[in-house]
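Q: Structural data only, the sequence is not supplied:
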């Protein structure tokens, strides 16, 4: 897999975070079709943020399909493709958070699932790339607004 984020990762400023950075350490993934990193050090201003711990995880993982699907042949009679399967790729961030002071941490999950119809990564790569670019760019550009959304549940 080519998922290999440079460490440290620089994050955007959100809420009380100023120039946040996250040092990644290679970890054992929970499945053989993935890669995982733990956050072992923090940079910038991140008061009360904790690095990875057993009881309060802070990890970044990426998974490819366990079995990559290929484009099926075209029906010789109709000239049409039968059902086309999708290959799913996931990037998952896990962070232990405390729901109430004095309580046991719970795991917060952030999952981006990329579901690509088999064959389009070869036959329509510019549009696949455009979709990825838009999605990742919009999430990055809206990071602060997404942070506010999670806090106050207002889409405004």
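A: Structure's in. What do you need? As the structure is a prediction and not an experimental result, all values here were calculated from the model. Numbers count the residues shown, from 1 in each chain.
Q: so where do the strands sit in the protein?
A: Per DSSP state E, the chain carries strands over the ranges 9-10, 18-27, 34-45, 58-63, 86-97, 106-117.
Q: Would you check how far apart the closest residue to residue 42 other than its chain neighbours and residue 14 are?
A: In space, and not counting its chain neighbours, residue 42 is closest to residue 49: 5.8 Å by C-beta to C-beta, 6 or more residues apart in numbering. All C-beta atoms are positioned from the backbone trio N, CA, C, and that covers glycine. Counting by C-beta to C-beta, to the nearest Å, the gap from residue 49 to residue 14 is 11 Å.
Q: And the nearest residue to residue 122 once chain neighbours are set aside, how close does it get to residue 108?
A: Nearest residue to residue 122, sequence neighbours excluded (C-beta to C-beta, 6+ apart): residue 71, at 7.9 Å. Distance, residue 71 to residue 108, using C-beta to C-beta: 37 Å.
Q: For this structure, which residues score under the pLDDT cut-off?
A: The chain contains residues with pLDDT under 70 at 1.
Q: still on that earlier bit, identify the contacts common to residue 49 and residue 14.
A: Residues touching both residue 49 and residue 14 by C-beta atoms under 8 Å, 6 or more residues apart in numbering: residue 20.
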